[in-house]
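K.L.:
this one's structure only:
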């Protein structure tokens, strides 16, 4: 297993996963180049460190950065239009494929020996088995189709440029820096306000992974992932959504009555989402460190501290 100090670059570095990856990498003694959009309101998510270099660049302008820095491992997490409303904007999603190619070429110009791209559970569509690289994909959204195409095409570029390539299909991540509209953050904040959240029947089986663990998995792939492999990043521990929701309610306020089925499922709702983490653990040694209960408790403490300050 690689233990040497490395210099890593991260696009989308001010997002939840990117900022957490920067934090984890710095904690392990590595150097970080954080690539963010100019004027990003989320730059404050990034940790402060003398070993972190901030580079401001729009996602469509990576060619302007060629040769500017040097790095060992390049993580491409940036993606335009990830919200539900933008996922079927086919013109933007097609552009994201091009941006991924640009990122791979930027990585090469910076001397990177490895390129790690962030894929998505959306590449699979609706399936009823644990997810790994051998499960057939059938994406149903423009976002999922673009992620799949970006992974395949960037893999070709990396082979041409002699860079180690891994694609990481990230499942449902939750953490302190998550957007307020996500299921988990909406649920926690609503319950903390003493209100009853609007919920579907919550019958789906789901896999949630805490942001620190998702970032740790990405870093492990960057250091030790096998060239050409696709890994699924999840906890590997699946529960009914109703159990997750009830667990959060019990931690926040056991006295609030939950109303399951008060809203309809989204169209094309995935009813089973669970990562097969065998290959990830075998190749990199990665294992999640935080239980769902521990992750939720950390988020609750974070929100309460924010409100008290």
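P.N.:
In hand now; what should we look at? Here the structure is a predicted model, which means the values were calculated and not measured. Residues are numbered from 1 along each chain as shown.
K.L.:
number of nearby residues for the nearest residue to residue 287 once chain neighbours are set aside?
P.N.:
Of all residues beyond its chain neighbours, the one nearest residue 287 is residue 281 (6.0 Å), with distances taken as CB to CB, 6 or more residues apart in numbering. Every residue, glycine included, has its C-beta placed from N, CA and C. Around residue 281 there are 15 other residues, counting by other CB atoms under 10 Å.
K.L.:
also the one 5 residues further on?
P.N.:
As a burial measure, the neighbour count of residue 286 was computed by other CB under 10 Å and equals 22.
K.L.:
which residue ranges of the stretch 101-250 of the chain form strands?
P.N.:
Under the criterion DSSP state E, counting those that start in this stretch, the stretch 101-250 of the chain carries strands at the ranges 114-120, 164-170, 172-174, 205-206, 208-210, 230-233, 239-240.
K.L.:
just name the most buried of the ones you listed.
P.N.:
strand 230-233 (a mean of 28; mean count of other CB atoms under 10 Å).
K.L.:
determine how far that strand lies from the middle of the whole chain.
P.N.:
How far strand 230-233 lies from its chain's middle: 11 Å, per CA atoms, centre = their mean, to the nearest Å.
K.L.:
just checking, what packs against it?
P.N.:
The contact analysis (3 or more CB pairs under 8 Å, 6 or more residues apart in numbering; DSSP states H and E) places strand 230-233 against strand 164-170, helix 211-224, helix 278-284.
K.L.:
need the residues that contact that strand.
P.N.:
119, 121, 131-133, 151, 166-171, 173, 209, 214, 217-218, 221, 225, 275-277, 279-280, 283 (CB atoms under 8 Å, 6 or more residues apart in numbering).
K.L.:
make it 7 Å
P.N.:
131-133, 151, 166-171, 209, 214, 217-218, 221, 225, 275-277, 279-280 (CB atoms under 7 Å, 6 or more residues apart in numbering).
K.L.:
which strands border that strand, and is each parallel or antiparallel?
P.N.:
strand 164-170 (parallel) (DSSP bridges).
K.L.:
run through who's touching the partner strand.
P.N.:
17, 113-121, 123, 151, 154-155, 158-159, 214, 218, 221, 225, 227-233.
K.L.:
between the helices and strands packed on strand 230-233, which gets nearest to residue 73?
P.N.:
Closest approach to residue 73 among the helices and strands packed on strand 230-233 is made by helix 211-224 (4.3 Å; CB to CB).
K.L.:
helices or strands next to the closest one in the packing?
P.N.:
helix 16-27, strand 73-76, strand 114-120, strand 164-170, strand 172-174, strand 230-233, helix 278-284 (3 or more CB pairs under 7 Å, 6 or more residues apart in numbering; DSSP states H and E).
K.L.:
so for residue 184, which of the ones you listed sits nearest?
P.N.:
It is, among those and with distance given as CB to CB, strand 172-174, at 4.1 Å.
K.L.:
so what does that closest one touch, helix or strand wise?
P.N.:
strand 208-210, helix 211-224.
K.L.:
what sits up against that strand?
P.N.:
16-17, 184, 206-211, 214, 273, 295.
K.L.:
repeat that with 10 Å
P.N.:
16-17, 20, 121, 182-185, 187-188, 206-215, 217, 233-235, 244, 270, 273, 275, 292, 295-296, 299 (CB atoms under 10 Å, 6 or more residues apart in numbering).
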